[in-house]
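1. what would the 3D arrangement of this be:
(one chain, ligands or ions: 1)
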Amino acid sequence: MERLYAHLQARDPGEPEFHQAVGEVLETLGPVLAARPELIDAAMLERLTEPDRQLMFRVPWQDDSGRVRVNRGFRVEFNGALGPYKGGLRFHPSVSLSVVKFLGFEQVFKNALTGLNLGGGKGGSDFDPHGRSDAEVMRFAQSFMTELYRHLGEHTDVPAGDIGVGGRELGYLFGQYRRITGRWEAGVLTGKGLGWGGSPGRVEATGYGNVLFAREMLLRRGEDLEGLQVVVSGSGNVAIHSVEKAQAFGANVLTVSDSSGYVVDDKGIDLALLKQVKEVERGRVSDYAERRGSSARFVPGGSVWDVPADLALPSATQNELDAGAAHVLIRNGVRAVSEGANMPVTPDAVRLFQEAGVSFGPGKAANAGGVAVSGLEMRQNAGRELWTFERVEQELTRIMTELHANVAETADRYGAPGDYVTGANIAGFERVADAVLAQGLV
Ligand code: NDP
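-> Numbering: from 1, shown residues only. Predicted coordinates:
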């Protein structure tokens, strides 16, 4: 594994996020490879760390002043052994091939853990939607889809949203796909609007799922969410719905954040105000603090992890919680950390949490609720059905509970009780590896 890791670094230098994601998985696979040497003979690690294919393309568009802009688009179809490629699109200036490969690699295992038939992929662009008008976002999305559409299809590759891609962007993307292909192919994108093929509960799914996973970890420790103090980072889709679900379980959520700083609200986050500021007005968390009154203050540029809590839900972006932050959280008595975002906790910080006996839920398990409900959206589209919110939430709860049990049991079986990282990596890896083996030299 060390040789493979060195080879990946040498062959694709300049992809630190991808190397980090692969390194975290390789570190935990020793026991399964020792038990199943046929996977080594089949070069399974080499095959699973090389994407099926990776696409990069030019996205030209015009801003409101008439100036021509050029961004770069990506789609990495990482592994299709379990089903059509499935994974979101991210629009953020930090998007690079390395970021998309790391996300695609993680997605393969995450999708396997849901128990559904979904392959793994990811895509996006270094386009920054912040401060852009609706018309600019539409022109960009249309240009992006004009290139990407030829690689998509309900049985081929099915994107969804991610950072910077929500209901508005998905609407523009779907409209352009429909226009170019002349087909109303609902199953080609998930996260669609409720009136045109979307699923109830998809918007809520990642945040709700993460809280459900965190709750299962706490229950295993003999605790529950009721009355716990919770810190959440981010203030986007995942963060908002994590706040909502944690509050529904009786927890007190103290914080949200964005790239300019964080808000701490002693009375607990006012969800209605947060949704108004972020979802309706597309404002900043500092606007929330200004409007909320004396219970809330905005801390510019600070670390949200300085706020003492029992449970931490990092829900913004990769590597946002490092070893220094982990030390502070541990000193303040944190008992569980569950990754709403993808890879928000650095490897050093993960190690510190595990050594301190803090329950740690890795993103590929903890935030799998989003893609799970995307899978349910595809099922509804295929059957031309529309389920109720209650039915979707019930299914999500079942999936997250079974996923937690599967990950915990796998960790026990491979001699790492309580280690959700090892459990998730091995359970996901075995399901994908078995499918690849069965399908021959693919
Ligand atoms: P959104 O775009 O809705 O929200 C992202 C939030 O994170 C914003 O508050 C944003 O603040 C903050 N953020 C983003 N980048 C940075 C940064 N570099 N530094 C500080 N803050 C940052 O995205 P989502 O909520 O959809 O996604 C959040 C995370 O969850 C991502 O890691 C994503 O991959 C993961 N995820 C999302 C799923 C989904 O269904 N949406 C499914 C599974 C995982 P600002 O506005 O200032 O940029």
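2. give me the residue from the protein nearest the ligand.
-> In the chain, the residue found nearest to the ligand is residue 236; the distance is 1.8 Å by C-beta to the nearest ligand atom. C-beta here means a position set from N, CA and C on the backbone, and glycine is covered the same way.
3. count the neighbours of the closest residue to that residue other than its chain neighbours for me.
-> Leaving aside its chain neighbours, residue 236 sits nearest to residue 163 (6.9 Å; criterion: C-beta to C-beta, 6 or more residues apart in numbering). Other residues lying near residue 163 total 25 when counted by other C-beta atoms under 10 Å.
4. with residue 407 instead?
-> Neighbours of residue 407 under the rule other C-beta under 10 Å: 30.
5. and for residue 138?
-> A total of 19 residues lie near residue 138 under the criterion other C-beta under 10 Å.
6. chain neighbours aside, what residue packs nearest to it?
-> residue 172 (4.7 Å).
7. secondary structure class for the one you found?
-> State at residue 172, reduced to three classes by DSSP: H, G, I helix; E, B strand; the rest coil: helix.
8. my read is that it contacts residue 137, right?
-> Yes - using C-beta atoms under 8 Å, residue 172 makes contact with residue 137 at a distance of 6.7 Å.
9. list the buried residues for the longest strand along the chain?
-> Criterion DSSP state E: the longest strand present in the chain is strand 68-79. For strand 68-79, the neighbour count (16 or more other C-beta atoms under 10 Å) marks 71, 73-79 as buried.
10. same check, this time on stretch 29-47
-> 29, 32-33, 36, 39, 44-45, 47.
11. and stretch 77-95, by the same measure?
-> By 16+ other C-beta under 10 Å, the buried positions in stretch 77-95 come out as 77-92, 95.
12. residue contacts, the residue nearest to residue 138?
-> Counting by C-beta atoms under 8 Å, 6 or more residues apart in numbering, residue 172 touches 137-138, 141-142, 145.
13. retrieve the pLDDT associated with it.
-> Note for residue 172: predicted pLDDT of 98.
14. which elements pack onto the longest helix seen in the chain?
-> For the chain, the longest helix by residue count, based on DSSP state H, is helix 389-413. Under the contact definition 3 or more C-beta pairs under 8 Å, 6 or more residues apart in numbering; DSSP states H and E, helix 389-413 sits against helix 97-113, helix 202-220, helix 363-366, helix 369-382, helix 420-438.
15. pick the most deeply packed of the ones you listed.
-> For these, the largest average neighbour count (mean count of other C-beta atoms under 10 Å) is found in helix 363-366, namely a mean of 30.
16. average pLDDT for that helix?
-> Averaging pLDDT along helix 363-366 gives 98.
17. look up phi and psi at residue 114.
-> In terms of degrees, to the nearest 10, the main-chain angles of residue 114 are phi -70, psi -20.
18. could you pull out the helices in the stretch 251-400 of the chain for me?
-> Ranges of helices in the stretch 251-400 of the chain, per DSSP state H, counting those that start in this stretch, are 271-275, 285-292, 323-331, 347-355, 363-366, 369-382, 389-413.
19. what is the burial count for the residue of the chain closest to the ligand?
-> 23.
20. my read: it touches residue 165, true?
-> No - applying C-beta under 8 Å as the test, residue 236 and residue 165 come out as separate, 10.3 Å apart.
21. please convert the helices and strands packed on helix 389-413 to TSV, extending it with distance to the ligand.
-> Output for the helices and strands packed on helix 389-413, formatted as TSV (distance: least, C-beta to the nearest ligand atom, whole Å):
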stretch	distance to the ligand
helix 97-113	6
helix 202-220	4
helix 363-366	6
helix 369-382	3
helix 420-438	14
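22. I'd like the ones you listed as TSV, with distance to residue 67 appended.
-> Below are these laid out as TSV (distance: least, C-beta to C-beta, whole Å):
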stretch	distance to residue 67
helix 97-113	26
helix 202-220	34
helix 363-366	38
helix 369-382	35
helix 420-438	45
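23. which among those is found nearest to residue 240?
-> Taking C-beta to C-beta, helix 202-220 is the member of the helices and strands packed on helix 389-413 nearest to residue 240, at 6.6 Å.
24. quick one, that closest one and helix 369-382 angle?
-> If you take axes from the mean of the first three to the mean of the last three C-alpha atoms, to 10 degrees, helix 202-220 sits at 130 degrees to helix 369-382.
25. by contact count, what packs against helix 202-220?
-> Applying 3+ C-beta pairs under 8 Å, 6+ apart, one finds that helix 202-220 contacts helix 237-248, strand 311-313, strand 336-338, strand 359-361, helix 363-366, helix 369-382, helix 389-413.
26. name the helix or strand for the closest residue to residue 105 other than its chain neighbours, please.
-> In space, residue 105 comes closest to residue 21 once its chain neighbours are excluded; the distance is 5.1 Å by C-beta to C-beta, 6+ apart. Residue 21 is part of helix 16-26 when elements are defined by DSSP states H and E.
27. does any bit of that helix sit next to the ligand?
-> No - counting by C-beta under 6 Å from any ligand atom, the ligand is not contacted by helix 16-26; separation bottoms out at 11.4 Å.
28. the stretch 1-150 of the chain against the ligand: which residues are in contact?
-> The stretch 1-150 of the chain has residues 92, 94 near the ligand, with proximity defined as C-beta under 6 Å from any ligand atom.
29. show me the contacts for the nearest residue to residue 397 once chain neighbours are set aside.
-> The spatial neighbour of residue 397 that comes closest, neighbours along the chain excluded (C-beta to C-beta, 6+ apart), is residue 212 at 6.0 Å. The contact partners of residue 212, taken as C-beta under 8 Å, 6+ apart, are 245, 369, 396-397, 400-401.
30. would you reformat those residues as TSV and include pLDDT?
-> What follows is the contacts of residue 212, written out as TSV (pLDDT from 0 to 100):
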residue	pLDDT
245	98
369	98
396	98
397	98
400	98
401	98
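31. of these - the most surrounded one?
-> When neighbours are counted by other C-beta under 10 Å, residue 369 leads the contacts of residue 212 with 31 neighbours.
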